[in-house]
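Enquirer: fold the following.
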Amino acid sequence: MKGAALAIAVVAVAAVIALMASPAEGITCPQVQKSLGPCATYLTKGGNPGPACCNGVRGLKNSTPYPADRRAACECIKQLARQSHNIKADAAAALPGKCGVSIGIPIRPDVDCNRIS
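Expert: Now for the predicted structure:
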């Protein structure tokens, strides 16, 4: 009995240490791009974003629960915007609102991502 209890205790301590030692992985630019990929037509032509686009925006919100995640996503969004010269700034800024989501990341080319909380 003592051996089994000791083994369970060791496993429990190891699990706690593993959780403490491995920080949560932040969002990556490919994840941001995948989330916003269905929005490409809306971002370049305007109009209304489709359901797949809004699902991606909601997914982005769910993937950025912490300020560090939001700042990383912001930098990725700015990088994607620099690569895609035909994005309409007004459509990009309005995207979260049109999807009925507050993502905590202003979608503007001039945003200072370091100020996002």
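
Enquirer: low-confidence ranges in the protein?
Expert: In the predicted model, the chain carries pLDDT under 70 at residues 1-24.

Enquirer: so which residues of it form helices?
Expert: 2-21, 29-36, 40-45, 51-62, 67-83, 89-98 (DSSP state H).

Enquirer: nearest to D112, out of those helices?
Expert: helix 67-83 (8.9 Å; C-beta to C-beta). From N, CA and C alone the C-beta is placed, and that goes for glycine too.

Enquirer: which elements pack onto that closest one?
Expert: Under the contact criterion of 3 or more C-beta pairs under 8 Å, 6 or more residues apart in numbering; DSSP states H and E, helix 67-83 touches helix 29-36.

Enquirer: relative to helix 67-83, how tilted is the helix it packs on?
Expert: For helix 29-36 against helix 67-83, the angle by axes from the mean of the first three to the mean of the last three C-alpha atoms, to 10 degrees is 80 degrees.

Enquirer: buried stuff in helix 29-36?
Expert: Residues of helix 29-36 classed as buried by neighbour count (16 or more other C-beta atoms under 10 Å): Q31, V32, S35, L36.

Enquirer: please report how far R82 lies from C76.
Expert: 11 Å (C-beta to C-beta, to the nearest Å).

Enquirer: cool, and C54?
Expert: On the measure of C-beta to C-beta, C54 and C76 end up 19 Å apart.

Enquirer: follow-up on the earlier one: nearest to C113, out of the helices of the chain?
Expert: helix 67-83 (3.7 Å).

Enquirer: just the angle between the closest one and helix 89-98, please?
Expert: 140 degrees.

Enquirer: who's in contact with helix 67-83?
Expert: When contacts are defined by C-beta atoms under 8 Å, 6 or more residues apart in numbering, helix 67-83 is touched by residues 26-29, 32-33, 36, 60, 63-64, 87, 92, 103-107, 109, 111, 113-114, 116-117.
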